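**Q** Quick one: sequence plus predicted model below, questions after.
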Amino acid sequence: MGEALALDAAWLCAALLILLVVAASGIAARRFLLERRGATVECGLRQRGRSWRLGVASYQLDEFRWYGIFGVSTRPERTFARRDLTVVTRRPPTADEVRILGPGRIVAECQLGGGGAAGGVDLALAESALTGLLAWLESAPPGSHLDVVL
């Protein structure tokens, strides 16, 4: 009976290990697919009044797309139009934020569209990625921030 129990425990451990390897491979494959689209950076996201979430962001033609790090979908969880995203200020993370985000991050406090307290998000990026975000925001084609009225 003891040998059978040990054998069952070994099979259970092997199955758990295989499940972990498959999950890690899936996350790595998703990250690879997202990075193939180009211009991706590691980016933490926090909507005002909520907690930080880790993820990857991608610069597209006129959109900043954010993907959660542990998701399975290749669709972005949040999308911000370039004309609606404004970096209001940047600051170093607090000690609590460093424990969540990791070292070497800068927190960019951003305003979305019309504004208001609910219209803001915080992005945590490496210094070079923040420079890239600011350059991407400033490089919008002339007049792209104007709404077209027909």
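**A** Yep, that arrived.
**Q** burial count for residue 73?
**A** When neighbours are defined as other CB atoms under 10 Å, residue 73 has 9 of them. Bear in mind the C-beta positions are built from the backbone N, C-alpha and C, glycine included.
**Q** What of residue 109?
**A** As a burial measure, residue 109 scores 16 neighbours (other CB under 10 Å).
**Q** Need phi/psi at the residue nearest to the spatial centre of the chain.
**A** Note on the chain: the residue nearest the mean C-alpha position is residue 55, at 2.7 Å, using CA atoms, centre = their mean. Main-chain dihedrals, residue 55, degrees, to the nearest 10: phi -170, psi -170.
**Q** pLDDT wise, what is it at?
**A** Note for residue 55: predicted pLDDT of 90.
**Q** What distance do you get for it to residue 41?
**A** Relative to residue 41, residue 55 is positioned 10 Å away (CB to CB, to the nearest Å).
**Q** pretty sure residue 65 is touching residue 57, no?
**A** Yes: Residue 65 is within contact range of residue 57, at 6.6 Å (criterion: CB atoms under 8 Å).
**Q** Stretch 81-94: which residues count as buried?
**A** Using 16 or more other CB atoms under 10 Å as the test for burial, stretch 81-94 gives 82, 84, 85, 90, 93.
**Q** Can you tell me which of these is nearest residue 50?
**A** Closest approach to residue 50 among the buried residues of stretch 81-94 (CB to CB): residue 93, at 15.8 Å.
**Q** Quick check: that closest one is in a helix.
**A** No: going by DSSP: H, G, I helix; E, B strand; the rest coil, the assignment for residue 93 is coil, not a helix.
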